[in-house]
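>>> quick one, fold the following:
(one chain, ligands or ions: 2)
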Amino acid sequence: MTPQLNARGDVAVLVPAAGAGLRLGPGGPKALRLLAGEPLLVHAIRRVVAAPSVRMIVVAAPAVEVGAVRDLLAPVAPVTVVAGGTERQESVSLALAAVPAEIGIVLVHDAARALTPPQLIESVAAAVRAGSPAVIPVLPVVDTIKEVGPGEIVLGTVDRGVLRSVQTPQGFRHDVLAAAHASAAGALTDDAGLVEKAGLPVTCVPGSELAMKITRPLDLVLAEALLHAT
Ligand SMILES: Nc1ccn([C@@H]2O[C@H](COP(=O)(O)OP(=O)(O)OP(=O)(O)O)[C@@H](O)[C@H]2O)c(=O)n1
Ligand SMILES: C[C@](O)(CO)[C@H](O)COP(=O)(O)O
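Ligands and ions are numbered 1, 2, ... in the order given. From the prediction side, this is the model:
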């Protein structure tokens, strides 16, 4: 039986999944690439549907794959599938348009972070519910970070104590995310960046190693190992 969403939940999760996956190399859209025999998107959605607050899931799929993605996800969860855009930001905007006004909290979650645990989805949603207009999960930066100039000459060492590596799901009050996307000028790599530009506070909560983004070929190998270790 298909797992059901919580009709009393207060959270919609937008899942941008329309990217090409160029950094992963040839093999088709990244969200449909296989991890332990199943598409990354299936792994991601299975974890989203297991989060008790989630009432609605909207997937932005590659335009030519919308029908196939509907069929793929039908046994996994009740999802709305829309065609994504050429940039991640456009895919998120198109998915957001499908969310009814009465859902108060909207999370944006990369299909590429396929192993993100349901608990992280809940902790981001809880922080928005507690009053933060925008919430991001973060991890400390573990490498020494250098600023470099022309000719790859080091200009200086950045204080990594003030840096964070940012993950998804990123959580927002619905009105805040809608306003940020409506006034977005120029593409940014994450949704919280749009809210920062609007001058609103963005709150950090602890992220998860399992929410790693599958970006390059080695990440698929690591994800497969993590899948078997958890
Ligand atoms: N036009 C786009 C671009 C990206 N994404 C989604 O945004 C998430 C984060 O993007 P990234 O990991 O960079 O994926 P790709 O854009 O596919 O990767 P690449 O830059 O290597 O092509 C992914 O789930 C991806 O499918 C999207 O929905 N629409
Ligand atoms: C949203 C994101 O996953 C947060 O780390 C990231 O910014 C996506 O960036 P990408 O360049 O599209 O991979």
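>>> now the helices for this structure?
Assigned by DSSP state H, the helices in the chain fall at 40-49, 66-73, 88-96, 118-129, 174-182, 191-197, 217-229.
>>> measure the residue of the chain found nearest ligand 1 to V195 for me?
Taking Cβ to the nearest ligand atom, ligand 1 has its nearest neighbour within the chain at G19, 2.1 Å off. To be clear about C-beta, it is placed using only N, CA and C from the backbone, and glycine gets the same treatment. As judged by Cβ to Cβ, to the nearest Å, G19 and V195 stand 22 Å apart.
>>> which residue lies nearest the spatial centre of this structure?
Among the residues of the chain, the one closest to the centroid is H109, at 2.0 Å (Cα atoms, centre = their mean).
>>> interface residues of this protein facing ligand 2?
Counting by Cβ under 6 Å from any ligand atom, the residues of the chain lying close to ligand 2 are 88, 110, 166-168, 189-190, 213.
>>> now the buried members of those.
Among those, those buried by neighbour count (16 or more other Cβ atoms under 10 Å) are 88, 110, 166-168, 190, 213.
>>> and T203, how many residues sit next to it?
By other Cβ atoms under 10 Å, 17 other residues sit near T203.
>>> count of neighbours near the nearest residue to it once chain neighbours are set aside?
In space, and not counting its chain neighbours, T203 is closest to S132: 4.0 Å by Cβ to Cβ, 6 or more residues apart in numbering. The local packing of S132 (other Cβ under 10 Å) involves 21 other residues.
>>> go on, the one 5 residues further on?
Here the neighbour count serves as a burial measure; for P137 (other Cβ under 10 Å) it reads 25.
>>> so who does the nearest residue to it once chain neighbours are set aside touch?
What sits nearest to P137 in space, not counting adjacent residues and going by Cβ to Cβ, 6+ apart, is G207, at 3.6 Å. Residues near G207 by Cβ atoms under 8 Å, 6 or more residues apart in numbering: 120, 137-139, 165-167.
>>> G28: which of these is nearest?
For these, the residue nearest G28 by Cβ to Cβ is Q167; the value is 24.4 Å.
>>> which residues does stretch 172-185 contact?
Counting by Cβ under 8 Å, 6+ apart, 12, 89, 92-93, 96, 99, 101, 103-108, 128, 133-135, 191, 194-195, 197-198, 200 sit against stretch 172-185.
>>> give the buried subset of these as a PyMOL selection command.
Applying 16+ other Cβ under 10 Å to these leaves a buried subset, and the PyMOL line that selects it is:
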select buried, resi 12+89+92+93+96+99+105+106+107+108+128+133+134+135+191+194+195+200
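>>> before we move on, the earlier item: mean pLDDT added to the helices of the chain, as TSV?
As requested, the helices of the chain are exported to TSV (pLDDT from 0 to 100):
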stretch	mean pLDDT
helix 40-49	98
helix 66-73	98
helix 88-96	97
helix 118-129	98
helix 174-182	96
helix 191-197	94
helix 217-229	96
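>>> need these in a markdown table with distance to V81, can you?
A markdown table is the format used below for the helices of the chain (distance: least, Cβ to Cβ, whole Å):
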| stretch | distance to V81 |
| --- | --- |
| helix 40-49 | 10 |
| helix 66-73 | 5 |
| helix 88-96 | 9 |
| helix 118-129 | 19 |
| helix 174-182 | 19 |
| helix 191-197 | 20 |
| helix 217-229 | 23 |
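>>> which one of those lies nearest to D159?
Of those, nearest to D159 by Cβ to Cβ is helix 191-197, at 19.7 Å.
>>> is any residue of the closest one near ligand 1?
No. Against ligand 1, helix 191-197 shows no contacts by Cβ under 6 Å from any ligand atom, the least distance being 10.6 Å.
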